[in-house]
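Colleague: here is a sequence with its predicted model. Questions after.
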Amino acid sequence: MKLLAISDVHVEHTANWQALEALPAQPDDWLILAGDISDSVSGLASTLDLLSPKFARLLWVPGNHDLWIERAGEFPERGDARYRTLVETCRARGVLTPEDPYVEWPEPVADKRVRIALLFLLYDYSFAPDEHVGRERAVAWAAEDGIRAVDELRLSPDPYPSREAWCAARVAETEPRLVEAAREHALVLVNHWPLRRDVVRLGRVPRYSPWCGTRHSEDWHLRFGALACVHGHLHVRATDLRDGVRIEEVSLGYPAHWDHTLGAQHYLRRIL
């Protein structure tokens with residue numbers, strides 16, 4: 001029995017969808033989908049319907065693409081209302097979300113009971129360098145290098161006044177849940193965006209960091225006794241150790257970012 005993870009499968013790309021179709025069934029294993037599954041609610045639903053029969057359990061957290069306003073207007077919800085629609089899409093299929101109780105992994109790990117904490121923290125532009133922290137300064141700094149995230153146009157924070165405010169609300173809601181969960185369990189922390197700045201690698205777009213996380217979570221791997229942290233978003237797969245805690249970037253990415261001859265199976269990262 002394994003806990004596996006992948007993110008950023010972007011099923012709008014035919015090669016990515018076909019790679020998921022070709023995944024063999026692993027009926028004993030659980031699969032974490034760590035965000036950026038699809039730009040549409042229908043795409044998320046189709047992906048869950050495809051993968052659910054292949055795995056014992058699916059676990060999902062949202063990424064920025066999942067939250068985008070849909071161009072075709074199929075689902076007009078914005079911001080938090082869209083997130084709630086995605087949650088209900090998952091729940092209708094028995095898929096766990098950040099709104100559900102943190103599930104216990106059936107097997108102890110090094111004699112520790114483990115819970116999997118599915119998080120939705122968003123970002124607040126604080127991953128920019130110190131002198132550029134804050135939305136206006138961070139966005140202006142990125143623009144100097146020709147970088148502007150599509151989120152600025154398509155990720156609505158409604159009903160919050162800003163994405164920073166939404167992020168702050170998510171952090172405030174999540175912290176007490178983690179405090180309680182960590183009392184008796186070790187945790188696997190799963191978030192689409194990295195929890196720490198020092199694992200962010202952006203070789204292709206070096207000034208994209210403002211849209212990559214929040215400094216509020218940088219000590220959570222220690223504070224909440226994490227066995228491992230899982231994230232995607234960067235399309236740069238990596239395993240890092242921070243203070244003895246394994247941090248896994250589990251992206252598949254756009255078709256140019258992975259080797260099609262290996263298939264998606266190669267990119268399922270084993271977490272437990």
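Modeller: Nice, thanks for sending it over.

Colleague: mind listing what's buried along stretch 218-234?
Modeller: Neighbour-count burial for stretch 218-234, counted by 16 or more other C-beta atoms under 10 Å, picks out 218, 220-221, 224-234. Where you see a C-beta, it was placed from the backbone N, CA and C, and this is true even at glycine.

Colleague: nearest to Ala81 among the residues you listed?
Modeller: Among the buried residues of stretch 218-234, His233 lies closest to Ala81 (C-beta to C-beta), at 22.6 Å.

Colleague: residue contacts, the spatially most central residue of the chain?
Modeller: Residue closest to the average C-alpha location in the chain (C-alpha atoms, centre = their mean): His192, at 1.7 Å. For His192, the contact set (C-beta atoms under 8 Å, 6 or more residues apart in numbering) comprises 7, 34-36, 61-64, 120, 231-233.

Colleague: returning to what we had before: tell me which two of the buried residues of stretch 218-234 sit farthest apart.
Modeller: Farthest apart among the buried residues of stretch 218-234 by C-beta to C-beta are Gly225 and Leu234. That separation is 24.8 Å.

Colleague: number of nearby residues for Val109?
Modeller: 14 (other C-beta atoms under 10 Å).

Colleague: that one touches Ile271, doesn't it?
Modeller: No. Applying C-beta atoms under 8 Å, one finds Val109 not in contact with Ile271, separated by 10.2 Å.

Colleague: about what we covered before: ok so the residue nearest to the centre of the chain is a strand residue?
Modeller: No. Per DSSP: H, G, I helix; E, B strand; the rest coil, His192 lies outside any strand segment and is coil.

Colleague: what separation do you get for the closest residue to it other than its chain neighbours and His231?
Modeller: Nearest non-adjacent residue to His192, counting by C-beta to C-beta, 6 or more residues apart in numbering: Gly35, 3.0 Å away. Distance, Gly35 to His231, by C-beta to C-beta, to the nearest Å: 8 Å.

Colleague: shared neighbours, those two?
Modeller: Each of 7, 192 lies in contact with both Gly35 and His231 under the rule C-beta under 8 Å, 6+ apart.

Colleague: mind putting the contacts of His192 into TSV with pLDDT, distance to Phe75 and secondary structure?
Modeller: Shown next, in TSV, are the contacts of His192 (pLDDT from 0 to 100; distance: C-beta to C-beta, whole Å; DSSP: H, G, I helix; E, B strand; the rest coil):
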residue	pLDDT	distance to Phe75	secondary structure
Ser7	98	21	strand
Ala34	98	22	coil
Gly35	98	17	coil
Asp36	98	17	coil
Val61	99	19	coil
Pro62	98	14	coil
Gly63	98	16	coil
Asn64	98	16	helix
Phe120	98	18	coil
His231	98	26	strand
Gly232	98	22	coil
His233	98	22	coil
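
Colleague: just the residues you listed now: which is nearest Glu88?
Modeller: Lowest distance from Glu88 to these (C-beta to C-beta) belongs to Pro62, with 12.6 Å.

Colleague: isn't the closest one right up against Leu33?
Modeller: No. Applying C-beta under 8 Å, one finds Pro62 not in contact with Leu33, separated by 9.7 Å.

Colleague: looking at those two, which is more packed in?
Modeller: Comparing Pro62 with Leu33 by other C-beta under 10 Å, the one with more neighbours is Leu33, at 29 against 26.

Colleague: can you map out the strands along the stretch 1-150 of the chain?
Modeller: Applying DSSP state E, counting those that start in this stretch to the stretch 1-150 of the chain gives strands spanning 3-6, 26-33, 55-60, 103-104, 114-118.

Colleague: could you pull out the helices in the chain for me?
Modeller: Listed in chain order, the helices of the chain (DSSP state H) span 14-21, 41-51, 64-67, 79-91, 135-143, 151-154, 163-181, 220-223.
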